[in-house]
Each structure stands twice: as structure tokens, then as C-alpha cells.
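Visitor: predicted model follows, preceded by the sequence.
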Amino acid sequence: MNEFITNLQQLVKPKNVITKKDKSEPFRTAYRSGVGEALCVVKPKKLVEFWRVLELCLKFDKIIIIQAANTGLTQGSTPTGPYDRDVVIINTLKMNKIFLLNNSENALCFPGCTLSDLEQKLRPFGRLPHSVLGSSCFGASVVGGVCNNSGGALVHRGPAYTELSLFAKVNDKRELELINNLGIELGSEPLEILEKLDNDFFQYSISNVKAKTPENHNYEKIVRDINAETPARFNANSDFLKDASGCAGKVAVFAVCMDTFPSHKRLKTFYIGTNDTELLQNLRKSILKDFFSLPVIGEYMSQQTVEISQKFGKDLSIVIRFLGPKAVNKLFSIKSKIDKFLSIYFKRANVSDRILQFISDLIPCILPRRIKIFKRKFEHHLILKMENDGIEEARFFLGKFFNKENGDWFECNNQEAKLAEINRFVTAAAIIRKKNILDEKTGPILALDIALKRNEKDWFEILPEAIAKDIYRSFYYGHFFCHVMHHDYILKKRTSPEKVKKKLLKILDDKGAEYPAEHNVGRHYIAKQKLADFYRELDPTNTFNPGIGGLPNGRNYTT
């Protein structure tokens, strides 16, 4: 056993250093696709251990990739070689403390705490985290959201952002520095600071801490500007790149301090269907321009997307409904182990998907009757959730806006509302299930995360035949009022994803769209110049997460 591994085991105990390939594979495998090589996976339990692991990696000249739940969709927290040095993956999930400050108006979150953890912690105090839907169903971490400019489904919040963070960076002299920008006095030495946090130093209110968004960037004002020639939010927006925020793993984040928000007093969900994309766009513009209250969420799904979610996401929907989102990651871990075992016996991949889908097909459709009727009648679906006085605004507006010829709507009861939202947020997993079952019959999934201009009229994509001929199925869904859309394509067999992607991005460039909208650039997108410069400034030696955004993998950004 080499000296580096031995030292790691002494730091964090042998059971928290994974060197066997079969054991480390879940940490090396991206959620959608792609698996890379790593020397080992390390799972520190304390911030002090995290710091010492970083020191050791630097001493032995290792590449460092930091991940939490590994739920990212763009391969931004897993390795993709070739590399000029060994890769060490540091998994942060064991460091998951949360401290509520200022009467729960702020939350100090360690790198492994998930949105579900924070949501549960805040519930007794009548508070909510920045994001509460979508990624929270699959174990995404609070810090991961900040690092990746995640926006989420909530219309009035914008990207996850804070200027209050504690992080380590490697400077141009290859020295490890701990930067305390939490706004809290913790001492001057790294170990002193981290030991205080590890020892629950924050079991009291601290009044001078206030997480904040950039000055003059009120997201409600931004999203309401329906005539703007630019998107509302996107990954490379330099106004939202600072320290940990938008860093994409180019620094090691130990803690962030986030604002929390009051819970909703009253909520009501409206389900909308139409066959007219222009009508839906006019609805969006009217609500953003004229409503006193912004929607809580406004989730779009195409007819095909509703169908694939209810058919291939049915079992996951049932798990979320009855066991809650925290069960999902555990079940995915079990599924991965079963797949590994069955692949040896059956000599093929994704056997568990076929078994689970066979069982799911025996279960009747779990969508409520009225949603099933809309699924048959309408090509375009919108889940509109309003709060407080916005409920009456929406009810009055929808009653006048629609007639039976141009579309329809209904007020959801509690069960309809819950199942509609769950059906939307299992979409990505459902598309992956569909692809896994098709297996060798089709090509790979190509997924794009797009921020359209706020004044974009042609928001629904109609592909030219030159591109459509290479696509087996297209699925469209997204955060409609922010004009952040997700386009997932299952390609035909023997189709080059890079060639199709190049054609699709050319169309988006011509429309003035930005991409990615709310995900890490990962290994799927080329970082725009300002974003690439930000990465280089944070990590001048290319020690952390090299290769993201199309940047070189080599030391000091050499090829």
C-alpha cells in the first residue's frame, strides 16, 4: 500500500478511504452518463479532517474532485480523464451539520447537508430554504446548489447565491489557504476556525450575519421584465460569481450561510392545458406583468413529457409520495448494487430497470383522473402554484383568460397538486429509465439546460428536419416563468451526440439564449470567457476539478 493511502487511512480511518474499483464506482459515475477513474474516494467526518485531507492531497500532488450526493446532471463532480496526476474524490456527505441563526432567518450549512435536511430542520420554525422542489427530491446539497448557480423551481428566488462562505483555495504558489468570508469572527488559524465549527460553536444567535444577493439585483424585478433581450438567470452571469457562489468545485467549500424564507400561509395549485404555445406565452407575460403576486412555481411539461414521467417514473413517484425524498438516494444506492450483481449473471446492464418497469406496468396510472384527461387533450401543460392573495388573482384571471376552445384549467385538490408536482420532478429519472430499457436500440441521451431571453416569443422548439431525423424522442419541460427550459433528447442509434449538440447550440446562439441555465457547466458545456477566467482566478494551478467547462485537464491549465 502506498504512503499516500496509508496517511489518508490514518487521518479518516480505513473504512472512510475507498480504493477498490467496484466500491468506488458509484462515486466515479455521473448521474446521467459517464464514469471516470480515481485513485480513491475519501469520506471525512469533520471539517478538520477535510482540511487535513486537502493538505495531504496537495503534498502528494493529487487532483481533487469534491462531491456531495453526486446528483449533478452535467458530470461536474466526477472524473473524466485523461489526467496528468492521480485523482482523489472527496465525498462530503458525512459533514452535514446545520446551525440556524438569527431566529432561523439564516442557516449555516456544512458541505454535506442536503436541501431535504435543511427543509426538515426549518419546518418547525415556519421557514423554508432557497430551493424546496426538484433537486431536493434527489438529495442535492445546499453547498452544491451555491457552487453550481442552481436556480430551482421557485419563480421569485433566482440563483442560489451567498457572499458568506468559508472555503479553501490553492494559490499560485501551490499553498492551501482558508478564506473566512462568513462574516463571523472564528479566529485566524485554519485549525482553530474549523475546530470551533466542528465543536458546535454556533449554538446561539449571531445578529451580524445576513446572507445576501448582489446589490441592485432583485430577482423579482428581473423576472418581471418581460421585454428584456437577455435571460433572467444563467450560469455564466458574472453578477452571481463570487467565491463559493458559482465556483463549480474550483475551491473546497467548508460552509455557507444562506437566507431562509417564511413558509406560505395559503397555497393553491392550478393545472392548465392548451394546444396553443402563443396563448401560453401570453399567459406568462400577463401574470408577470400584471399580477401583484408572483407565482410560487410555474412548471411546464410537454404532452410527451407528462406521459414518460407517469409511465417510467411511476415507481419513483410512489416512493417520493409515501416514503419522502430522503428515501430516494438510499434506494438508488441499493439499485446500483443490484445492477452490478445482475449484470454479471445476465451479461447486460440496467437489468433492475427492466424488472422495476415490469412491476410498474402492472400498477395502474397513478395520475389523478383530471390530469389524465388533460394529458389526452392537450399538448402543453402548466402547473401553476400561487400563494396567499395570488390565489384569488389567478382564479379570477384564469376564469377570463381561457375558454373551452383555446384551453382549460382546474383548481387542484391536495392530492392532485402533490401528484402533479411529483410527476414533473421525476422527469429526468424517467427519461433515463426509458433510455436504459431501450439500451442498444437507440443512441445516448443529449440533455440541454437553456435560459431563453425574457422576451423570447418562439419558446417552444420546432426542430428542422436536418436535426429531427437524428432524434428518437424529444422531451421538453422547465421553469416557464423564468424561461429556463430543459430539453432532453434520446438520439437514434449510431448518431453522433457532439454533431447534434453543435447544431442545437447554433440555433440557441442565434436566438440569444444562454446555456447552461442553472446547472454546472461540468463536462457538457464550454465555459464562456468570463466564467473560465473566474475558474482560473479561483484555482490558478488547476488542482480542483480540472477539465470542467472545456478547460484543460493538466497542471496550470496545460493540455
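Guide: Good, I have the coordinates.
Visitor: okay, and residue 359 sits in which element?
Guide: Using DSSP states H and E, residue 359 maps to helix 351-362.
Visitor: helices or strands up against that helix?
Guide: If you count contacts as 3 or more CB pairs under 8 Å, 6 or more residues apart in numbering; DSSP states H and E, helix 351-362 packs onto helix 303-312, helix 314-323, helix 326-346, helix 427-438. Every residue, glycine included, has its C-beta placed from N, CA and C.
Visitor: and the ones you listed: which comes nearest residue 491?
Guide: Residue 491 lies closest, by CB to CB, to one member of these: helix 427-438, at 9.4 Å.
Visitor: and the next element down the chain from that closest one?
Guide: Scanning forward in sequence from helix 427-438 by DSSP H and E, the next helix or strand is strand 442-451.
Visitor: lowest average pLDDT across the helices and strands packed on helix 351-362?
Guide: Least confident of these, judged by mean pLDDT, is helix 326-346 with a mean of 70.
Visitor: chain neighbours aside, what residue packs nearest to residue 123?
Guide: Spatial nearest neighbour of residue 123, excluding adjacent residues (CB to CB, 6 or more residues apart in numbering): residue 263 at 8.0 Å.
Visitor: verify the stated contact: residue 7 with residue 57.
Guide: No: using CB atoms under 8 Å, residue 7 is not in contact with residue 57; the gap is 10.2 Å.
Visitor: just checking, residue 485 touches residue 476?
Guide: Yes: Residue 485 lies in contact with residue 476 (CB under 8 Å); the separation is 6.7 Å.
Visitor: where do the contact lists of these two overlap?
Guide: residue 300 (CB atoms under 8 Å, 6 or more residues apart in numbering).
Visitor: how about residue 530, what does it touch?
Guide: So residue 530 contacts 236, 238, 241 (CB under 8 Å, 6+ apart).
Visitor: buried only: go through the residues you listed for me.
Guide: Among the contacts of residue 530, those buried by neighbour count (16 or more other CB atoms under 10 Å) are 236, 241.
Visitor: in TSV, list the contacts of residue 530 along with secondary structure, distance to residue 380 and pLDDT.
Guide: Formatted as TSV, the contacts of residue 530 follow (DSSP: H, G, I helix; E, B strand; the rest coil; distance: CB to CB, whole Å; pLDDT from 0 to 100):
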residue	secondary structure	distance to residue 380	pLDDT
236	coil	29	92
238	helix	34	91
241	coil	34	94
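Visitor: and which of the contacts of residue 530 is nearest residue 332?
Guide: Here the nearest of those to residue 332, counting by CB to CB, is residue 236; it sits at 30.2 Å.
Visitor: torsion angles phi and psi at the closest one?
Guide: Per-residue torsions, residue 236: phi -90, psi 10 (degrees, to the nearest 10).
Visitor: list the contacts of it.
Guide: Neighbouring residues of residue 236 by CB under 8 Å, 6+ apart: 514, 521, 527, 528, 530, 531.
Visitor: report the buried members of these.
Guide: For the contacts of residue 236, a burial check counting by 16+ other CB under 10 Å picks out 514, 521, 527, 528, 531.
Visitor: is it fair to say the last one lies in a strand?
Guide: No: residue state for residue 531 (DSSP: H, G, I helix; E, B strand; the rest coil) corresponds to helix; a strand is not indicated.
Visitor: what sits against it?
Guide: Residue 531 makes contact with 235, 236, 238, 241, 246, 521, 549, according to CB under 8 Å, 6+ apart.
Visitor: for the fourth one, give me phi and psi.
Guide: Right, residue 241. Dihedral angles for residue 241 - degrees, to the nearest 10 - are phi -110, psi 110.
Visitor: repeat that for the fifth one.
Guide: Note on residue 246: its backbone torsions stand at phi 80, psi 10 [degrees, to the nearest 10].
Visitor: burial check on it, number of neighbours?
Guide: Burial of residue 246 is recorded as 27 neighbouring residues (other CB atoms under 10 Å).
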